[in-house]
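Visitor: Any chance you can model this:
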Amino acid sequence: MPNPKKRIVVAITGATGALYATRTLHWLRQLPQVETHLIVSPAAVLNAQHELTMQRSELFELADVVHNFKDVGATVASGSFKTDGMIIVPCSMRTLAAVAHGLADNLITRAADVVLKERRRLVMVVRETPFNLAHLRNMTAVTEMGAVVFPPLPAFYFQPKTITELVDHSVLRMLEHLGLEMSGPEWAGL
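Guide: Numbers count the residues shown, from 1 in each chain. Got it, this is the predicted structure:
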C-alpha cells in the first residue's frame, strides 16, 4: 500500500548555516502531507550547538523520522523505499565531493546516491565561499547527475527586515525545487 504522504529526506551536514536546516524543517512541518526523514552528521550537531545553541534532541524533534548517520541499512538507503526527494542543507564540500564521486560511506551520502540513481530530486545547499576548482568541478558533476546545486545566496529585492525573512526566502525556493508548493515573495518587476 503506497504511503499517502510525500517523503522528504532532510540531511544536515557540518557546514555553516544550521539556521537554513532548522527553517527548512520548520516549513516542512507546516505541510501536513509531508513526512520528513532526518539524517544529521556529527559535525552538524556541533554546528547547531555553536550557531543556534541547539542540542541534538532539539534538532530531532523537528522531524517525523530520524535516522542514524552511520546506519547505511536504514530505509532511506534503499531505492525501494519511495521518497519524493532529498535536500542536504547545509551541504559541506566534503559531502558534495562524496556525492559527486559516488562515495556512499555514511547514510547522508548513501541516501543521496539512492536519490540520484532512482532519478528523484536532490537539492544540495552548498556552503562555502569562495569556490575553488575542486568545488566547481564537483558541483558540475552532481548537476550532470541530476542534482540541483543551490547556494543560499540572499535576495534583497523583497526588502527583508530580519535574518529569518532572508533565510526563509531561500528555503522556500529550495523547497519548490523538491516539487512542493510554497508561497514566498515573488518578483513583481519594477
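Visitor: just for this protein, where's the confidence low?
Guide: Scanning the chain for pLDDT under 70 picks out 1-3.
Visitor: Show me where it has its helices.
Guide: Listed in chain order, the helices of the chain (DSSP state H) span 18-29, 42-52, 56-60, 93-100, 107-117, 133-145, 163-176.
Visitor: Out of these, flag the one nearest residue 69.
Guide: helix 107-117 (5.5 Å; C-beta to C-beta). From N, CA and C alone the C-beta is placed, and that goes for glycine too.
Visitor: Contacts for the closest one next, please.
Guide: 9, 11, 13, 39, 41, 67-72, 74, 76-79, 83, 85-86, 88, 95, 98-99, 102-104, 121-122, 124, 142, 145-147 (C-beta atoms under 8 Å, 6 or more residues apart in numbering).
Visitor: before we move on, the earlier item: can you tell me which of the helices of the chain comes nearest to residue 152?
Guide: By C-beta to C-beta (comparing all of the helices of the chain), the closest turns out to be helix 163-176, at 4.2 Å.
Visitor: What residues of the closest one count as buried?
Guide: 166-175 (16 or more other C-beta atoms under 10 Å).
Visitor: Mind giving me the packing neighbours of it?
Guide: helix 18-29, strand 85-91 (3 or more C-beta pairs under 8 Å, 6 or more residues apart in numbering; DSSP states H and E).
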